[in-house]
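# Return atomic coordinates for the entry below.
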Amino acid sequence: MFMGLVLVHEIGHFITAKRGGVKVLEFGIGIPPKVCRIRTDKSGTEYTLNLIPLGGFIRMKGEDPKDEGDFNAKDSFIKAKLWRKILILLAGVGMNLIFARVLFTAIFTMGTQPISVLPENALTSHQNSYLMPTVNFLKDQGFISGELVSTPAKVARVSAGLLAQQMGIISWDTILSINNETVDIRNIGTVLKENIGKDITVGLTRNHKKINTKAHCPADNCILWLTFDEGALDLKPIKFPFFKAMWIGAKEVKAQTVLTFWALGTLWSDLISFNKSRIKTSLGRLTGPAGAIKFGETLFNAGGRKLYLGFAGMISLALAIFNVLPIPALDGGRLLWVLIQWIGKLKPEKYFNIEWYINLVFFVALMALWIYILLKDLVHFRNFKIPFLG
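Numbers count the residues shown, from 1 in each chain. Down below sits the predicted model:
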């Protein structure tokens, strides 16, 4: 699924480059080293199969200043007009956004269940998402049958390495109280907010036995980081007529975008705080391919193809948002350098040499972070034993 979404992204770059008169030298499926060449089309584009199955890439003419012939050719990327460069660089992001909306429209037309039901006020940036709604939002929208009663806070999943796991809470526990105040799925977020920066005692039941567990609720991050089982809720399928589903799909894109930027903002705030506890907690929340596979596995087993398609839409949207960030080696970073070159009237050779070295440094840094997250996920989700990580 991930490889397919990355290929959708690269097809956006590929089509706009071709239509914009920029020659595409190679369209690669997978990441090098190269396994074989599949074919070469009439324009000279090579289609290749590569060893590492993590997406793909396109290589455009004129991206290497050392190759003077290609670099100065009329059909090179560097010689394209500014507006064409912008379109080419943003086309991948656009394709992922469109694909996310298509997937959301499809599942809302067929009818789906939420991926996760969140407690009220758990996320201050919550924007009425249909795939990650609160109980009150579902009630207001008419997707809960009958009267809304107190729904036990039965734990479905616990995020690895974070507060709930540190307290010993596990899946299928039912949380009864926090500091002797009775909680359910609707008010647990509010009660936690009332105890920010305090020591908390969580009362729960496990296999019909009552247990108390204690911890300190951090002033900067008083969230348990777990999701609840919505099976106790009598949920109707979230389903709309096709044309309304298209509109709801667009609203879901907006809601998930707001949630993603909230998460990125929280991560960035923690990383620059120079607070070891906050940094460790934020890095612990990051997940990569192994964690995504585990989560996708759980979703598919619980809700079948529809929930999995919803998850694919969320990943497609995340790819779009991540790539548009102004970080070197990503589409947003490349766009920033194109604008700097145009505004500063830098010579193409000088601009590309500088960009190449900066992109290389950031690419190595991103790969290092990716490897760290992958290893951490293997420890938490696949029970691997890795020195210094677990």
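# tell me the contacts of Lys198?
By C-beta atoms under 8 Å, 6 or more residues apart in numbering, Lys198 lies in contact with Asn179, His216, Cys217. C-beta coordinates here come from the backbone N, C-alpha and C atoms, glycine included.
# Narrow the residues you listed to those in strands?
His216 (DSSP state E).
# Just the buried subset of the contacts of Lys198, please.
Asn179, Cys217 (16 or more other C-beta atoms under 10 Å).
# any idea of the pLDDT on Ser43?
For Ser43, the model assigns a pLDDT of 90.
# show me what contacts the nearest residue to it once chain neighbours are set aside?
Nearest non-adjacent residue to Ser43, counting by C-beta to C-beta, 6 or more residues apart in numbering: Lys23, 6.7 Å away. Lys23 sits next to Ala17, Ser43, Gly44, Thr45, Met60, Lys61, Ala73, Asp75, Ser76 when contact means C-beta under 8 Å, 6+ apart.
# are any of those buried, and which?
Ala17, Thr45, Met60, Lys61, Ala73, Asp75, Ser76.
# Please identify which helix or strand holds the first one.
When elements are assigned from DSSP states H and E, Ala17 belongs to helix 2-19.
# mind saving the C-alpha coords of that helix as PDB?
What follows is helix 2-19, C-alpha atoms only, in PDB (Å, rounded to 0.1, in the frame of the first residue of the first chain):
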ATOM      1  CA  PHE A   2       2.800   2.400   0.900                       C
ATOM      2  CA  MET A   3       4.700   1.700  -2.300                       C
ATOM      3  CA  GLY A   4       1.500   2.200  -4.300                       C
ATOM      4  CA  LEU A   5       0.900   5.600  -2.700                       C
ATOM      5  CA  VAL A   6       4.500   6.700  -3.300                       C
ATOM      6  CA  LEU A   7       4.100   5.700  -7.000                       C
ATOM      7  CA  VAL A   8       0.900   7.700  -7.200                       C
ATOM      8  CA  HIS A   9       3.000  10.700  -5.900                       C
ATOM      9  CA  GLU A  10       5.800  10.100  -8.500                       C
ATOM     10  CA  ILE A  11       3.200   9.700 -11.300                       C
ATOM     11  CA  GLY A  12       2.200  13.300 -10.500                       C
ATOM     12  CA  HIS A  13       5.700  14.600 -11.100                       C
ATOM     13  CA  PHE A  14       6.100  12.300 -14.200                       C
ATOM     14  CA  ILE A  15       2.900  13.600 -16.000                       C
ATOM     15  CA  THR A  16       3.500  17.300 -15.300                       C
ATOM     16  CA  ALA A  17       7.200  17.000 -16.300                       C
ATOM     17  CA  LYS A  18       6.300  15.300 -19.600                       C
ATOM     18  CA  ARG A  19       3.500  17.700 -20.400                       C
END
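# Tell me the spacing between the residue nearest to Ser43 and Ala17.
Between Lys23 and Ala17 the distance is 8 Å, computed by C-beta to C-beta, to the nearest Å.
# Need the overlap of contacts for those two.
Common contacts of Lys23 and Ala17 (C-beta under 8 Å, 6+ apart): Met60.
# On the three-state scheme, the closest residue in space to Ser116 that isn't next to it in sequence is what?
Excluding the flanking residues, the one nearest Ser116 by C-beta to C-beta, 6+ apart is Thr227, at 4.7 Å. The three-state label given to Thr227 by DSSP: H, G, I helix; E, B strand; the rest coil is strand.
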